[in-house]
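Chemist: Provided below for reference: sequence and predicted model.
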Amino acid sequence: MRLHSLLLACVAASLLTACDNTDTTTYQGYAEGEYVRVATLEGGTIAAIPVQRGDKVGDGALLFQLDMTAETAGFNQASAQLEQARAQFADVSKGLRPTELDAIKAARASAAATATRADADLARAKQLFTGGHISKAALDAATANKDAASAALRELDARLATGQLAARSDQIAAAEAQVKAAEAAVAQAQWRLNQRAGYAPDGGMVEDVYFRVGETAAPGQPVVSVLPPQNIKLRFFIAEPSLSQMHVGDKVMLACDGCAEILAGTVRFISTQAEYTPPVIYSENAKSKLVYMAEATPDTAPETFHPGQPVRVTLADK
């Protein structure tokens, strides 16, 4: 009888030892995802949503499209104004057109002929005046004709020289400034046009779609939620007596029920503040109710884990 009691005590002790998990290198936790909720700065009517929940999308994939009628018209208007400004700048950057220069050259040729005839008339008038055949008034008239013809020729020479030059520097600078302003307006219109669509910043799985086609989204309101694989992390909890065993940068082994293999991971964060053991951690024999939250990221295949999934984190051998 005494031996039987001793055996029962030994069995009970072994069961208690088996139930008391004294392994301080394995921790319970769960997977968590940091979702990317894609929105636009300017709201509007949803015109298209080419994705649905569960779809896998690549980097830069189109997630939704807002109505862009007004923005397209604004971009077209800004583009037309830019072309106009560039044409005006090109016009003031060069001289007169060839036909306008030809007209000035023809007028100059006529003025040159008139000036040559006026020179000859003045020379003849001087001879006649010296011989007493004409009056002083006639000589003065010939001199005046010669001066007028010379002045007309000089004027056309100046017009021809000016016509072959570009506009004044201040006019060119003003036209160039108009081009830059028009280019800025086009860039702004293009930016507003780009804001009418939402794209995936990283590849991942579409977690949720918050709107349907035809509904209106407010500015900054998320339309589609995406979970990139690299945004999956594993959150686990370390009891205070085991805190000294874990450090940021340590390698850990990650496992879950149904996982095909155990994956390696890296501790990225350990909280500096203690908290009570969360309800999701089931440990009837915990030595301490205070734990420290830590986070680890899988080194490979993060998509193996799903947010909310219970996981086991084991400190790798150093």
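Modeler: Okay, I see it.

Chemist: okay, CA-based contacts and neighbour counts for the rest of this
Modeler: OK.

Chemist: and the strands in this protein, which stretches?
Modeler: Using DSSP state E, the strands of the chain run over residues 26-33, 36-38, 44-48, 56-57, 62-66, 197-199, 204-209, 216-217, 224-227, 232-239, 251-255, 263-276, 290-298, 310-315.

Chemist: can you give me the helices for the stretch 1-150 of the chain?
Modeler: 2-19, 69-92, 98-130, 136-163 (DSSP state H, counting those that start in this stretch).

Chemist: so which of these is nearest A182?
Modeler: With respect to A182, and counting by CA to CA, the nearest of these is helix 69-92 at 4.8 Å.

Chemist: and that closest one, average pLDDT?
Modeler: Mean pLDDT, helix 69-92: 90.

Chemist: and it, what's buried?
Modeler: 71, 74-75, 78-79, 81-82, 85-86, 88-89, 91-92 (16 or more other CA atoms under 10 Å).

Chemist: follow-up on the earlier one: which among the helices of the stretch 1-150 of the chain is found nearest to E261?
Modeler: Set against E261 and scored by CA to CA, these come closest in helix 2-19, at 25.4 Å.

Chemist: would you check how far apart A173 and V92 are?
Modeler: 10 Å (CA to CA, to the nearest Å).

Chemist: then G74?
Modeler: Remark: distance between G74 and V92 (CA to CA) = 27 Å.

Chemist: likewise A260?
Modeler: A260 is 74 Å from V92, by CA to CA.

Chemist: try A301
Modeler: Distance, A301 to V92, using CA to CA: 63 Å.

Chemist: same check on A137?
Modeler: A137 is 49 Å from V92, by CA to CA.

Chemist: same thing with I262?
Modeler: From I262 across to V92, the span is 73 Å (CA to CA).

Chemist: quick revisit: would you format the strands of the chain as JSON lines with mean pLDDT included?
Modeler: Below are the strands of the chain laid out as JSON lines (pLDDT from 0 to 100):
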{"stretch": "strand 26-33", "mean pLDDT": "91"}
{"stretch": "strand 36-38", "mean pLDDT": "95"}
{"stretch": "strand 44-48", "mean pLDDT": "94"}
{"stretch": "strand 56-57", "mean pLDDT": "94"}
{"stretch": "strand 62-66", "mean pLDDT": "95"}
{"stretch": "strand 197-199", "mean pLDDT": "93"}
{"stretch": "strand 204-209", "mean pLDDT": "94"}
{"stretch": "strand 216-217", "mean pLDDT": "94"}
{"stretch": "strand 224-227", "mean pLDDT": "96"}
{"stretch": "strand 232-239", "mean pLDDT": "91"}
{"stretch": "strand 251-255", "mean pLDDT": "92"}
{"stretch": "strand 263-276", "mean pLDDT": "86"}
{"stretch": "strand 290-298", "mean pLDDT": "90"}
{"stretch": "strand 310-315", "mean pLDDT": "92"}
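
Chemist: many thanks, we can stop here.
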